[in-house]
Each structure stands twice: as structure tokens, then as C-alpha cells.
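# Here is my input; please provide its structure:
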Amino acid sequence: MQRKIVAGVVQMQAFSFELEKNLKLALDLASQAYEQGAQLVVFPELFDSGYCVHTKDAELASHLESLSSPTLQKMHAFAKQTGVVLVGCGIEKEGGGLYDSAYIISKEGLVGKYRKIYLWGDEVDRFERGENYPVFEINLGGVKVKIGLQICYEVGFPEGSRALALQGAEVLIFSAAFSQRRGYAWDLGSRARALENGAFVLASNRSGSEEHPYSKANLEFAGRSKIINPMGSVVCEAQSFNEVLVAELNLDMVADQRKEIPYLRDLGLVQSLKTHAS
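Here you go, the predicted structure:
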């Protein structure tokens, strides 16, 4: 029997500091994905707060484990009502630190989280770095699938996706606020991460623009959210400011592609040879 799931990727225009407005839009798009059969839905980076919110990062942050913020409570309610697993990305607070964190919410609550390791530009002044590459197993309609999370700029660091794939991740998820100026890197990097790991990539990006609070320059987002198969081919790509992509993923393609071009197998073989040689 084939292992198949249906995934949704949200592309949306979020507005700085507009938590309620942004969350409503995100969940409206998630509802559209659910109506099309999606069992898993991915949101962009900092989709609820907006990206250019440097002056109020701490005020807009959530404590993920407690699910105490309005964003997390409403996402959990949506997951309980529909059975959809949601992947969000927001500002996390723990102790005295702030993190740019992707997280998974199911009807049971928080499944797990990933903290961004490779921080872009002035993010190094806003957030602490994560330290680990966790892989999570989720159950979608009786199909167990292993997923790994990455965030935005990290699409250009193959080491992170490779670490996840070597732990068994079949689906690599990127939540992003990737700029229009560097959209070429988003396009190429997302496809490369799929091909070299023989994995599906769900790449959710922001659209529209926000004003940087200090420079007052407009940051234009690239959009071009995608679902990519393990051969690196784009299954579908978003064209509108606010849009949801939905596609069926045949997870058997992951094992087939990893046999067709055995990057992961031969990487392990060479590493083993080096170990024995030393």
C-alpha cells in the first residue's frame, strides 16, 4: 500500500504588529487547505507578528510549551476541530532569551519545536541561536511521516537539511520571510535541498512588504512558495499575495529517489572509509 499524505503550504502578506489580523488570515487560508483535503499545513516565518517588529520582539513573543498566547490557543483549537497538523513560526521566549522558532501543533498540543541556528543580518541582535536539529514523527491519517524544520536563510545551508535527512526526515519544511532581492537563492536552494536529500520540500514564504523600524526602508518579500518533490521538481508554486498550495505527497517517492541517486548512502560510505583510514 502506498504511503500518501496531503500537504498545504500557505503564502501570505502579514502586517507588522497586527497579531489578530495576521492570525485570522493564516487560519482562513488553512481552512481553504483543509477543505481541499490537507492534513498538514505550513505557515511562513513570523507569520503572526510580522517580520519587522524589532522594537516589540519581547512583547510579541510566546512561550510555546504553555500554549498560552492567543496565536497558539487558536492554532490548537483549529487543530482539534479539523485534525490538521499545523507548522507555525514565531518569536519564542524562554527565560530571558528570544528565539526565532518553528513549531508543530496537533490536536494533542505542541508536538515539538526547532530554533533557528543560522540567523540573517540583524537577527543576531534580536534572537539567540538554536543548537539542535530534531526530527519529528507525526501521524497523518494513519500514515507516519518524519519531518524536519528549517527557517528562511537556512535554505542556503545544506548541512542542516542533510542532518535532518540522515535522521530519517522524509519531508523538509521551510518557513520563510525571504526577500524579493534574493529570491533567486530561495528558488535554487529549496530545489537543491530536495534533490540532494531525496526529500519532499514544503517551502512557505511571505509576500508583500514591511517597513524596517530603523532604516525605514521597505523590505519586499519574494513569495514564490513551493511544494517540491524528491527529484527537485516544483510540483506547484504560489502566484498571489495570499494563497494556499495543496498537493498529495507519495512518500514512497522518497525511498525510490534515494535509491535512484544514493547521495545519503554514499555519503555514509565515504565517512566510514575516512574513519577506518584514520
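
# Give me the below-cutoff pLDDT ranges for this protein.
Within the chain, the segments meeting pLDDT under 70 span 269-278.

# could you pull out the strands for it?
4-11, 40-42, 85-94, 97-106, 109-115, 135-140, 143-151, 171-176, 200-205, 209-211, 218-220, 226-228, 234-237, 243-250 (DSSP state E).

# Could you dump those strands into JSON lines with distance to Ser68 and mean neighbour count added?
C-beta: built from backbone N, CA, C; applies to glycine. What follows is the strands of the chain, written out as JSON lines (distance: least, CB to CB, whole Å; neighbours: other CB atoms under 10 Å):
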{"stretch": "strand 4-11", "distance to Ser68": "23", "mean neighbour count": "26"}
{"stretch": "strand 40-42", "distance to Ser68": "22", "mean neighbour count": "30"}
{"stretch": "strand 85-94", "distance to Ser68": "11", "mean neighbour count": "24"}
{"stretch": "strand 97-106", "distance to Ser68": "13", "mean neighbour count": "22"}
{"stretch": "strand 109-115", "distance to Ser68": "11", "mean neighbour count": "19"}
{"stretch": "strand 135-140", "distance to Ser68": "22", "mean neighbour count": "17"}
{"stretch": "strand 143-151", "distance to Ser68": "21", "mean neighbour count": "23"}
{"stretch": "strand 171-176", "distance to Ser68": "21", "mean neighbour count": "28"}
{"stretch": "strand 200-205", "distance to Ser68": "24", "mean neighbour count": "28"}
{"stretch": "strand 209-211", "distance to Ser68": "26", "mean neighbour count": "17"}
{"stretch": "strand 218-220", "distance to Ser68": "30", "mean neighbour count": "14"}
{"stretch": "strand 226-228", "distance to Ser68": "32", "mean neighbour count": "25"}
{"stretch": "strand 234-237", "distance to Ser68": "35", "mean neighbour count": "15"}
{"stretch": "strand 243-250", "distance to Ser68": "27", "mean neighbour count": "20"}
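
# out of those, nearest to Gln257?
The closest of the strands of the chain to Gln257 is strand 200-205. By CB to CB, the value is 9.8 Å.

# Tell me what angle the closest one forms with strand 4-11.
20 degrees (axes from the mean of the first three to the mean of the last three CA atoms, to 10 degrees).

# Any chance you could list what contacts strand 200-205?
Outside strand 200-205, the residues that touch it by CB atoms under 8 Å, 6 or more residues apart in numbering are 7, 9-11, 40, 42-44, 87, 155, 170-178, 186, 190-191, 193-194, 221-230, 238, 249, 251, 253-254.

# let's go with 6 Å and repeat that
Strand 200-205 has contacts (CB atoms under 6 Å, 6 or more residues apart in numbering) with 7, 9-10, 42, 44, 171-176, 178, 190, 193-194, 222-223, 225-228, 249.

# Same check on stretch 69-88?
Contacting residues not belonging to stretch 69-88 are listed as 23, 27, 34, 40-43, 48, 62, 67, 103-107, 138, 173 [CB under 6 Å, 6+ apart].

# ok, now stretch 25-42?
The contact list for stretch 25-42, computed with CB under 6 Å, 6+ apart, reads 5-10, 12, 43, 47, 78, 82, 84-87, 140-141, 173, 202, 204, 244, 246.

# For it, buried residues please.
Buried residues in stretch 25-42, counted by 16 or more other CB atoms under 10 Å: 25-27, 29-34, 38-42.

# Over to stretch 50-68?
For stretch 50-68, a neighbour-count test (16+ other CB under 10 Å) marks 50-53, 57, 60-62, 64, 67 as buried.

# Among those residues, name the ones in helices.
Within the buried residues of stretch 50-68, residues falling in helices by DSSP state H are 57, 60.

# of all the buried residues of stretch 50-68, which comes closest to Gly198?
Once CB to CB is applied, the member of the buried residues of stretch 50-68 that ends up nearest Gly198 is Leu64, at 30.4 Å.

# Would you check that the closest one makes contact with Tyr103?
Yes - using CB atoms under 6 Å, Leu64 is in contact with Tyr103, at 5.4 Å.

# which residues are common contacts for the two?
Lys113.

# Could you identify the most distant pair in the buried residues of stretch 50-68?
Maximum pairwise distance in the buried residues of stretch 50-68, criterion CB to CB, is 25.9 Å, between Cys52 and Leu67.

# ok, back up a step: could you dump the strands of the chain into TSV and include distance to Tyr263?
Shown next, in TSV, are the strands of the chain (distance: least, CB to CB, whole Å):
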stretch	distance to Tyr263
strand 4-11	23
strand 40-42	24
strand 85-94	25
strand 97-106	25
strand 109-115	23
strand 135-140	18
strand 143-151	16
strand 171-176	14
strand 200-205	15
strand 209-211	37
strand 218-220	34
strand 226-228	16
strand 234-237	20
strand 243-250	20
